[in-house]
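# make a model of this:
(one chain, ligands or ions: 3)
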Amino acid sequence: MEIAKAIRESDDKRLKTKYNNAIYVIQRALALYSIEEVAFSFNGGKDSTVLLHLLRAGYFLHKEEESCCNGASENFPIRTIYFESSSAFPEINTFTYDTAAIYDLQLDIIRLDFKSGLESLLKSKPVKAIFLGVRIGDPTAVGQEQFSPSSPGWPPFMRVNPILDWSYRDVWAFILTCKVHYCSLYDQGYTSIGSIYDTVPNGLLCISSSSSSEEKFKPAYLLSDGRLERAGRVKKISPSVCVRVPADGVLDAVDSHKNSTLTASAIAVGDEILFGTTEDQLGPSLGRKLHSIGWSVSQNIVVRNEVDSVAEEVERQKSSNDMVFIYGGVGPLHSDVTLSGVAKAFGVRLAPDEEFEEHLRHHIGDQCIGDRNEMAQLPEGITELLHHEKLPVPLIKCQNTIILTATNVTELDQEWECLIELARSSGLLTLMEPYVSKQLSTTLPDVEVAQPLSNLCLEFPDLYIGCYRKSRQEPLIVSLKGKDQARIEFAMEALCKKFHSGAFFEIM
Ligand SMILES: Cc1cc2nc3c(=O)[nH]c(=O)nc-3n(C[C@H](O)[C@H](O)[C@H](O)COP(=O)(O)O)c2cc1C
Ligand SMILES: Nc1ncnc2c1ncn2[C@@H]1O[C@H](COP(=O)(O)OP(=O)(O)OP(=O)(O)O)[C@@H](O)[C@H]1O
Ligand SMILES: [Mg+2]
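Numbers count the residues shown, from 1 in each chain. Ligands and ions are numbered 1, 2, ... in the order given. Below is the predicted model of the structure:
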């Protein structure tokens, strides 16, 4: 079989592994279901083109194993379904039909929407499992496994996804290594093809030419960052993130949130912190940093290095805060469970992330990057990598949860600096009027201060008014915090008026 031969002769180890895994899934499916019970969903796209050739190779092997006869004489009997639509690119249509003719595919053309089409297919044919070219990173792949029953509300069948764990690069490595034909649109800069209404060539492949008004594009396989394969899909603008920082980037020119509050919480992951073996310095530092951008901090929690403890806390915090910062427990050790916990909190699984793997490869070298690099597994479908030139490896953001990798205050300072720059350039965090604080000291006994201070809290509900002492012998310190300097000074005066003069003095 020409596909198996091309892979055998290739020295791309990664491709061989991906190929073998996909063939294994196909063979398991062909062992579980009869040929009449399976179907192949083919639409002429690059992923389904890869799948076609994997199915041909897998079916060939299956036939060889099943009988002593030579599989080579067989045609390809797996029912192939194509949902034809008037909004498909003509090139896609032509390629689908031409390919069906070349490989003698048993093509069923369905001119209904997916759901109704599948309902009528299942009524008339004994189909129980359908092969799809879905890959991790596709919006529809979230939560899917290699074998995933159809979703509730859909007709019942098994979705079989042999290339679920393939990356964009793997797809092109296969197509180029096996020298199989693919739809011509991919040579014109299209990298992921939807309908004529929502797909344009990928701008990242544009070759700018000043002499000609016509834009030219490089072929799809030259896209270096596979995560951007959908950049040619017409995008909806996400309203969730707004850039609120002025062009000059000056922090005091703040936004409409001036008088509102955004809250964050910090979660430290580590048995050692909990048991007192080591001290958490990041939590307090993070608290100060958040106050400096006007955010209030609702909690700083320490949890154990257990997936469930992390997951429960993240789940709680993410729904009651605007942003959650989590640190500790990130890396390849047995105790590094933070990413698994975050994934569980969001109800997704960990999946290999090619771009992150590439960063790790640059940062820590090849020696620990195997076929499956555990450290490069990130929560699927919800992860955004936060890039900054000063960060050796990007930070990870899962919806409103940011995973910090700092292990000490100096590293945190650097990560924070990058986050603030990202806030300025892309609205990652809303920067608000910073908190300011004043502190007063008194030697008066607590009992004497208690009632007037309670009254002050009622008079100034917009301020945080707190008390602490460094020791029982030392003076009591009253701290006033808020966003309005004048209000704080007003409150200080009001407090002093409640006592004899000189009872309180300001600590600078
Ligand atoms: C054979 C087949 C089976 C599908 N099964 C499901 C399913 O079980 N659940 C689901 O939500 N969508 C299912 N879909 C729809 C896809 O997830 C997705 O919506 C579709 O590929 C359209 O993607 P688009 O909106 O990017 O064009 C199926 C599609 C096909 C072709
Ligand atoms: N109109 C369709 N008819 C049949 N199968 C389809 C259709 N649309 C999608 N599919 C199935 O869903 C899979 C995922 O679609 P998707 O668009 O992500 O991949 P692709 O079309 O193969 O490649 P590309 O990402 O370049 O568009 C396809 O590989 C195919 O199995
Ligand atoms: Mg497509």
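
# residue contacts, the closest residue to ligand 2 within the stretch 251-400 of the chain?
Using CB to the nearest ligand atom, the single residue of the stretch 251-400 of the chain nearest to ligand 2 is residue 381, 13.7 Å away. For the C-beta atoms, the positions are set from N, CA and C on the backbone; glycine is no exception. Contacts for residue 381 (CB atoms under 8 Å, 6 or more residues apart in numbering) come out as 139, 141, 142, 143, 348, 351.

# contact partners for whichever residue of the stretch 201-350 of the chain sits closest to ligand 1?
Of all residues in the stretch 201-350 of the chain, residue 233 sits closest to ligand 1, at 8.2 Å by CB to the nearest ligand atom. Neighbouring residues of residue 233 by CB under 8 Å, 6+ apart: 192, 194, 198, 199.

# and the residue of the stretch 251-400 of the chain closest to ligand 2, helix, strand or coil?
Three-state call for residue 381 (DSSP: H, G, I helix; E, B strand; the rest coil): coil.

# likewise for residue 412?
Recorded secondary structure, residue 412: helix (three-state DSSP).

# any idea how far it is from ligand 2?
Distance, residue 412 to ligand 2, using CB to the nearest ligand atom, to the nearest Å: 39 Å.

# count the neighbours of that residue for me.
Using other CB atoms under 10 Å, residue 412 has 20 other residues around it.

# any idea of the pLDDT on the residue of the stretch 251-400 of the chain closest to ligand 2?
According to the prediction, residue 381 has pLDDT 82.

# on that earlier part again, of all the contacts of residue 233, which two lie farthest apart?
Greatest spatial distance among those (CB to CB): 192 and 198, at 10.3 Å.

# compare those two and say which is more crowded by neighbours.
residue 192 (21 against 13).

# and the pLDDT at that one?
94.

# any idea how far it lies from ligand 3?
Residue 192 sits 6 Å away from ligand 3, going by CB to the ion, to the nearest Å.

# same check on residue 126?
27 Å.

# that residue falls within a helix, correct?
No - Residue 126 sits outside any helix when classified using three-state DSSP, being coil.

# and it, what does it touch?
Contacts of residue 126 (CB under 8 Å, 6+ apart): 36, 37.

# gap between it and residue 326?
Distance, residue 126 to residue 326, using CB to CB, to the nearest Å: 49 Å.

# same question, residue 7
For residue 7, the distance to residue 326 equals 41 Å [CB to CB].

# quick one: which of these two has more around it?
Under the neighbour definition other CB under 10 Å, residue 7 and residue 326 were set side by side, and residue 326 has more, 29 against 21.

# so what's the more buried one closest to, chain neighbours aside?
residue 267 (4.4 Å; CB to CB, 6 or more residues apart in numbering).

# what of residue 429?
In space, residue 429 is closest to residue 423, 4.2 Å off (CB to CB, 6+ apart).

# residues in contact with residue 87?
Neighbouring residues of residue 87 by CB under 8 Å, 6+ apart: 195, 196, 197.

# which non-adjacent residue is nearest the first one?
Going back to what we said before, that points to residue 195. residue 87 (3.9 Å).
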